[in-house]
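> My questions are about this predicted structure, shown below with the sequence.
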Amino acid sequence: MNFRQLTLSDLKDAAKFCRMNMQFDIMPDFLFKEKTFDDHDYNPDLALLAIENGEIIGFMMGVIRNQKFGKTGYIKLMAVKHNRRREGIATKLFQIIYDEFVKAGCEKIRIYESHPNYFMPGIDPRYTEAICFVERLGFKKFNDTANMLCELVGKNFDSSNDEEKLLKDGIIIKRAESSDETKLLQFIEKEFELWIPEVQNALKNEPKSVHIAIYENEVVGFSAYDTNNLNIGWFGPMGTSPKMRGKKIGGVLLKRCLKDQQAQGHQFAIIPWVGPISFYSHYCGARVDRVFWRYEKVLSGD
């Protein structure tokens, strides 16, 4: 068995390896590329394959982000061939990446939730071996979160009546245009700073995959989709100014995005890393689909 860096020529084989050994997830070639080579912080020293007799038997990718809470290393993706688990393959891959994290001065390591380009917001506990693996390495569970699923087929997401009511109060609902970009990003920087990179992605799409609410020539709410995990029905982020909440602005913006996703041909919209479960349940009938456990390992004094 030997370990080497992932290369672009490995893309199809590595994506197929993930599809075959991540039973609760999908990993088409285009998504694997987005999560690896297209990551702004991609580092080939942190994307490793375990090879035996010319066959991939393990894969692990790390990434380093300079977050507001400190420089953080993330194990962004990992998989071991289903019949080769508990042989120390993942441990050896992790040790190589761990040493790079330490060398780079990371203060902590987290699993999967590598915002803004991330695959999943934590470990699905049905991956029992993964839970055992990270806990054995000293990771501590500090939180959990959930993804919700909204069925799109046959649903009516028309929001025209509510938009007319908002307009009477001076609130304009529209798809973002190029002329709106500056004030939209200023609003997000003020109210939801962490979501700037994802909204910037939405603004690159054609048409722009973000809808906004404007009041007195200022953006007071937004809702976006196709910002991460592209082309699989990923919704979000979204947010409304605290001073404008309670007017159903968020519900209208949500429905406009879901209507777009419906037109794209998706059967479901995936609403990830959900906070207000009751909001999505109320406005679009979304249901909790998956739960994720969030893990962290503090490196200070390690």
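Looks like it came in fine.

> what's the pLDDT at the residue nearest to the spatial centre of the chain?
Closest residue to the average C-alpha location of the chain: residue 118 at 4.1 Å, with C-alpha atoms, centre = their mean. Per-residue pLDDT puts residue 118 at 97.

> what's the answer for residue 301, then?
54.

> Now residue 126: phi and psi?
Main-chain dihedrals, residue 126, degrees, to the nearest 10: phi -70, psi -20.

> Nearest residue to it in space, please, no chain neighbours.
residue 24 (5.8 Å; C-beta to C-beta, 6 or more residues apart in numbering). Using the backbone N, CA and C atoms, a C-beta is placed for each residue, glycine as well.

> my guess is that neighbour meets residue 124, correct?
Yes. At 5.5 Å, residue 24 counts as touching residue 124 under the criterion of C-beta atoms under 8 Å.

> the more surrounded of these two?
residue 124 (20 against 9; other C-beta atoms under 10 Å).

> neighbours around the residue nearest to residue 239 when sequence neighbours are not counted, how many?
Residue nearest to residue 239 in three dimensions, not counting chain neighbours: residue 192, with 4.7 Å by C-beta to C-beta, 6+ apart. Per other C-beta under 10 Å, the neighbour tally for residue 192 reads 17.

> so when I look at the residue nearest to the centre of the chain, I'm seeing a strand, right?
No. Under DSSP: H, G, I helix; E, B strand; the rest coil, residue 118 sits outside any strand and is assigned coil.

> Could you pull out the helices in the stretch 101-250 of the chain for me?
Using DSSP state H, counting those that start in this stretch, the helices of the stretch 101-250 of the chain run over 128-136, 160-168, 181-191, 196-204, 249-263.

> could I get those helices as JSON lines with distance to residue 72 and mean neighbour count?
Output for these, formatted as JSON lines (distance: least, C-beta to C-beta, whole Å; neighbours: other C-beta atoms under 10 Å):
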{"stretch": "helix 128-136", "distance to residue 72": "15", "mean neighbour count": "16"}
{"stretch": "helix 160-168", "distance to residue 72": "39", "mean neighbour count": "13"}
{"stretch": "helix 181-191", "distance to residue 72": "21", "mean neighbour count": "16"}
{"stretch": "helix 196-204", "distance to residue 72": "15", "mean neighbour count": "18"}
{"stretch": "helix 249-263", "distance to residue 72": "29", "mean neighbour count": "22"}
